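[1] Take a look and give me a structure for this.
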Amino acid sequence: MERAQGRPSARRQASCVSRETLTSTPGRHRRIGILEPPPFQAVTPTQGTQISYTGVLLALIAGIAHAAIAPVVVIGGVRPNLVLIVVVLVAVMRGFGPGVAWAFVAGLSANLLGREPLGSIPLALLLLVVIVAAGERVFGRMPWVYPVAAVFIGSLVADVVALGVLSLVDLPLQGGIPFDLLLPAALLNAGLAGLALYPARLLLLRLDVPDQPSW
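    Below is the predicted model of the structure:
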């Protein structure tokens, strides 16, 4: 009798669990957090540098687009650094590990198709990811301001690194660092990052599906 009476209770519990499972929306709060400012969470070393197959493809596209567009597009006398904008946004919104992977894949593909010294673009981007990850521990509570500021500062750092590498493999710089060009370029990249920030969050929201890591 006790078993017979216990069965309906167990069935009711199972049905309640099933209904709750079917009607619940796993990851809803996590997905909404892409559009709304997420709670601050420090990047931990255990996140790894995994990147999905979709991420590899997008990083390759970003590198190819940079190599194709950057040499011909001039705005206000300076050229935008598309691959830098993409890598910094990925590092801010996805963390240190994905940022390192994107910096390597996108930077190397842009470097192989461009005329810059081999290794200069990935080196600058990897350095930027480290700086962005370190700065996020302090300014990560400003999710709409920090990415734009990180792109501005990162643009200056990347240009200085590129000029330093170029001076090592080619003729030394004459007249010092051309800040009259670096500052407008940094402002241009920061403005483009501000325009791309919200669409980038929407894109990550759509692509946030289970995918097998490629490494």
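[2] Report pLDDT for T21.
    Here, the pLDDT recorded for T21 equals 40.
[3] Okay, helices next: where are they in the protein?
    Taking DSSP state H to define them, one finds helices in the chain at 2-23, 28-35, 53-69, 82-94, 96-113, 120-139, 146-169, 179-207.
[4] Give the buried residues for the last one.
    Residues of helix 179-207 classed as buried: 182, 185-186, 188-194, 196-197, 200-201, 204 (neighbour count, 16 or more other CB atoms under 10 Å). Just so you know, the C-beta spots here come from the backbone N, C-alpha and C atoms, and that holds for glycine as well.
[5] try stretch 101-114
    Neighbour-count burial for stretch 101-114 flags 101-111, 114 (criterion: 16+ other CB under 10 Å).
[6] Need the max-distance pair from the residues you listed.
    Between all members of the buried residues of stretch 101-114, the longest pairwise span (CB to CB) is found for A101 and G114 and amounts to 20.0 Å.
[7] circling back to that earlier point, between the helices of the chain, which has the poorest average model confidence?
    helix 28-35 (a mean of 42).
[8] Contacts only, for the residue nearest to G135 when sequence neighbours are not counted.
    Leaving aside its sequence neighbours, G135 sits nearest to A150 (CB to CB, 6 or more residues apart in numbering; 6.4 Å). Residues touching A150, when contacts are defined by CB atoms under 8 Å, 6 or more residues apart in numbering, comprise 88, 91-92, 131-132, 135.
[9] shouldn't A65 be in contact with I85?
    No - applying CB atoms under 8 Å as the test, A65 and I85 come out as separate, 10.9 Å apart.
[10] Show me which of those two is the more surrounded one.
    I85 (28 against 16; other CB atoms under 10 Å).
[11] that older thread, now the helices of the chain in JSON lines, with distance to G76?
    As requested, these are exported to JSON lines (distance: least, CB to CB, whole Å):
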{"stretch": "helix 2-23", "distance to G76": "53"}
{"stretch": "helix 28-35", "distance to G76": "31"}
{"stretch": "helix 53-69", "distance to G76": "16"}
{"stretch": "helix 82-94", "distance to G76": "16"}
{"stretch": "helix 96-113", "distance to G76": "22"}
{"stretch": "helix 120-139", "distance to G76": "22"}
{"stretch": "helix 146-169", "distance to G76": "14"}
{"stretch": "helix 179-207", "distance to G76": "6"}
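[12] Indicate which one of the ones you listed is closest to I75.
    In terms of CB to CB, the element of the helices of the chain nearest to I75 is helix 179-207, at 5.8 Å.
[13] farthest pair in the buried residues of helix 179-207?
    Considering CB to CB, no two members of the buried residues of helix 179-207 lie farther apart than L182 and L204, which are separated by 29.6 Å.
[14] What's the local residue count around I131?
    Neighbour tally, I131, other CB under 10 Å: 16.
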